[in-house]
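J.: I need the structure of the sequence given here:
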Amino acid sequence: MTSDATVIASNPARVLIVEDEWVVAIDVRECLKELGYQVVAIVASGEQAIVKARDLHPDVVLMDIRLEGEMDGIQAAHQIWNELQIPVIYATGYSDQATVDRATNDELFGYVIKPIKERDLYIAIKTALQRYGRETRLREQHQWTSTILRAIGDGVIVTNAQGQIKFFNFVAEALTGWKIQDVIDQVLWEIFPLIHSQTKAPVENPVMEVLRTGTTAYLVNPVLLVTKDNRQIAIADSAAPLKDDKGNLTGVVMVFQDVSQRQSAQEQSFSLLQAQMLEQQMQELQRLDQLKDDFLSTASHELRAPLANIKMSIHMLELNLDRRRLSSLESETDSHPEQVSRYLRILREECDHELDLVNDLLELQRLDAAATPIEPTSIDLLDWIPQIAEAYQERAQERQQRLQVLLPSALPLLTSDNLILTRSFSELLANACKYTPPGEVITVNAQPVGHHLQLIVSNSGVQILDEELSRVFDKFHRIVGGDRWNQGGTGLGLALVKKQIAYLGGSIWAESDANEVRFIIELPFGAN
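T.: From the prediction side, this is the model:
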């Protein structure tokens, strides 16, 4: 255990130490006591850690990854989190890529490298407990809101800004005959048809009016809802807009009830009052969701600065190592820096990976908040496309891939943001290099289609199944076994590309057949 300075914890916590080296465990225990924490037990195996966690329920577990026995620290941490929801901080002297990947795939609350410094340990425990507290409060608030909505005596349906269903309570299931798992992401008016009670002519769904006007809409007179089994139920309903803090429409909440037996206007007035109260509750739910987004944005910004400092420190260490290597050569002594160089390389690669993840998260937040300015410029595609492709020729040649650019003799100028479009197109090329086998071909071409431009990046030798194809733009989704070059990534690349292209007023989709995958960007020539 090494120490920079003694730090006293202001909020003591109960800590379970899992460490199979007794000397190290005792050293860590004394350090924790000096920091003001209470050590509830020391165990040497993953199996013992699970038993003690059940018995003592500590506030946090300090877990060595490499443990003797059949269960290592990562397996034990996974079971402790899933069963007991206790945050786990990993402590290890190893930092190989496979171990780090396994650790970060679990619910990781902290990570310290041996020899452990007091300040690092204090910061790791404090950060883990703060994050755990925030996540617990957000989870409780979400469960509380969902419970209220499900318990309301009226049917409640929530859609996004495209009219796709995102929430369907039990009463809505009972009245419509549809189950929530069958209607999620379905367009509301396709499974919720309304007709006039006398003429049986179709009646516009109030959700459509809200999406068009951005204001609350009501059905003044009862209409008939045609259920899944073609029954007709007299209902009264209202629909209210959901807006973000900038006033942008993000969805609609609709409240409805069976009024077949209603006899008085007073009951109808009460129903409208309930709808207004629900609207207020949904606004509170929206506020809580915004708090979650603000927390993610703040956390990303807070992580970015220390990661940048770590990266700079790595660079300085590499420079010093190079100088020492040069000095040892001149003095004809062998300092054997290979192991240090390997650890520095691993540290640099992991730091770059984390920086990429933070930058991608921040960019997604900026795009969602429309905080990224668009600077339209005229782009000569016949010069722009080959320049970008040229940057990937060397990578393709190293992997025995053939990268070819096939363009028509003439293309109109494209008006768009050069920087955003370059990032998106470059990500598609990097993605193609990542998944294309040796001996196969990556092809880049462009073509005008009416008033739009299509940019196409295709690669042969691979094919994506239909069930995977629908998820390639999902955040953090990766195709299992697809990364043949072990290149890694944040899992946000294609999700970010889709956001960027939509931000430019275009669209992107993927196709796969005949042992080939194609990503197609479509933009209006006058995008701005």
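
J.: Let me see the contact set for A128.
T.: Under the criterion of C-beta atoms under 8 Å, 6 or more residues apart in numbering, the neighbours of A128 are 60, 87, 89, 109-110. Using the backbone N, CA and C atoms, a C-beta is placed for each residue, glycine as well.

J.: meant to ask about P193
T.: 202, 225-226.

J.: So among those residues, which ones count as buried?
T.: 225-226 (16 or more other C-beta atoms under 10 Å).

J.: from the contacts of P193, which single one is nearest L67?
T.: Using C-beta to C-beta, L225 is the member of those that sits closest to L67, with 59.5 Å.

J.: can you confirm the closest one is in a helix?
T.: No. Counting by DSSP: H, G, I helix; E, B strand; the rest coil, L225 is not found in a helix; it is strand.

J.: The residue nearest to the spatial centre of the chain: what secondary structure?
T.: With distances taken as C-alpha atoms, centre = their mean, the residue of the chain nearest its centroid is K475 (4.7 Å). When classified by three-state DSSP, K475 comes out as coil.

J.: What ranges in the stretch 51-200 of the chain fall below the confidence cut-off?
T.: Low-confidence segments of the stretch 51-200 of the chain (pLDDT under 70): 94-108, 140-153.

J.: how does it look with 90?
T.: Along the stretch 51-200 of the chain, segments meeting pLDDT under 90 span 63-86, 88-157, 166-175, 180-184, 189-192, 196-200.

J.: Show me where it has its helices.
T.: Remark: helices assigned in the stretch 51-200 of the chain by DSSP state H, counting those that start in this stretch are 73-84, 97-105, 118-151, 170-176, 180-183, 188-191.

J.: so can I have CSV of these showing distance to L278?
T.: CSV is the format used below for these (distance: least, C-beta to C-beta, whole Å):
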stretch, distance to L278
helix 73-84, 35
helix 97-105, 39
helix 118-151, 8
helix 170-176, 12
helix 180-183, 18
helix 188-191, 17
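
J.: got TSV for the contacts of P193, with pLDDT and distance to K434 too?
T.: Compiled in TSV, the contacts of P193 are given as follows (pLDDT from 0 to 100; distance: C-beta to C-beta, whole Å):
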residue	pLDDT	distance to K434
P202	90	50
L225	90	50
V226	92	49
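
J.: Just put the contacts of P193 in a markdown table and tack on distance to G439.
T.: Output for the contacts of P193, formatted as a markdown table (distance: C-beta to C-beta, whole Å):
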| residue | distance to G439 |
| --- | --- |
| P202 | 58 |
| L225 | 59 |
| V226 | 57 |
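
J.: Out of the contacts of P193, which comes closest to L272?
T.: For the contacts of P193, the nearest to L272 is L225 (17.9 Å; C-beta to C-beta).

J.: re earlier: top of the contacts of A128 by neighbour count?
T.: P87 (25 neighbours; other C-beta atoms under 10 Å).

J.: dump the residue contacts of that residue.
T.: 59-61, 81, 107, 109-110, 128-129, 131-132 are the contacts of P87 under C-beta under 8 Å, 6+ apart.

J.: cool, and P412?
T.: By C-beta under 8 Å, 6+ apart, the neighbours of P412 are 448, 453, 525.

J.: With L273 as the reference, measure out to it.
T.: For P412, the distance to L273 equals 57 Å [C-beta to C-beta, to the nearest Å].

J.: Can you list the low-confidence ranges for the stretch 351-500 of the chain?
T.: 351-375, 431, 434-435, 450-451, 463-496.

J.: What ranges does it have for its helices?
T.: Going by DSSP H, counting those that start in this stretch, the stretch 351-500 of the chain shows helices at 381-390, 393-398, 418-435, 466-469, 493-503.

J.: Dump the longest one to PDB, keeping only the CA atoms.
T.: The C-alpha atoms that make up helix 418-435 are tabulated as PDB, following Å, rounded to 0.1, in the frame of the first residue of the first chain:
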ATOM      1  CA  ASN A 418     -18.500  19.200 -43.900                       C
ATOM      2  CA  LEU A 419     -17.200  18.300 -40.400                       C
ATOM      3  CA  ILE A 420     -20.300  16.400 -39.300                       C
ATOM      4  CA  LEU A 421     -20.600  14.600 -42.600                       C
ATOM      5  CA  THR A 422     -16.900  13.700 -42.600                       C
ATOM      6  CA  ARG A 423     -17.100  12.200 -39.200                       C
ATOM      7  CA  SER A 424     -20.200  10.000 -40.200                       C
ATOM      8  CA  PHE A 425     -18.700   8.900 -43.500                       C
ATOM      9  CA  SER A 426     -15.300   8.100 -41.800                       C
ATOM     10  CA  GLU A 427     -17.000   6.000 -39.200                       C
ATOM     11  CA  LEU A 428     -18.700   3.900 -41.900                       C
ATOM     12  CA  LEU A 429     -15.300   3.300 -43.600                       C
ATOM     13  CA  ALA A 430     -13.700   2.400 -40.300                       C
ATOM     14  CA  ASN A 431     -16.600   0.000 -39.600                       C
ATOM     15  CA  ALA A 432     -16.100  -1.600 -43.000                       C
ATOM     16  CA  CYS A 433     -12.400  -2.200 -42.400                       C
ATOM     17  CA  LYS A 434     -13.200  -3.600 -38.900                       C
ATOM     18  CA  TYR A 435     -15.600  -6.300 -40.200                       C
END
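
J.: So which elements touch that helix?
T.: strand 376-379, helix 381-390, strand 441-449, strand 452-460, helix 493-503, strand 516-524 (3 or more C-beta pairs under 8 Å, 6 or more residues apart in numbering; DSSP states H and E).

J.: need the strands for the stretch 151-300 of the chain, in chain order.
T.: 155-160, 165-168, 194-195, 202-203, 217-218, 223-226, 232-243, 249-258 (DSSP state E, counting those that start in this stretch).

J.: would JSON lines of those with distance to I180 be doable?
T.: Output for the strands of the stretch 151-300 of the chain, formatted as JSON lines (distance: least, C-beta to C-beta, whole Å):
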{"stretch": "strand 155-160", "distance to I180": "10"}
{"stretch": "strand 165-168", "distance to I180": "4"}
{"stretch": "strand 194-195", "distance to I180": "20"}
{"stretch": "strand 202-203", "distance to I180": "24"}
{"stretch": "strand 217-218", "distance to I180": "24"}
{"stretch": "strand 223-226", "distance to I180": "17"}
{"stretch": "strand 232-243", "distance to I180": "18"}
{"stretch": "strand 249-258", "distance to I180": "15"}
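
J.: before we move on, the earlier item: could you export the contacts of A128 as TSV, including distance to E47?
T.: Converted to TSV, the contacts of A128 look like this (distance: C-beta to C-beta, whole Å):
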residue	distance to E47
V60	19
P87	20
I89	19
F109	21
G110	22
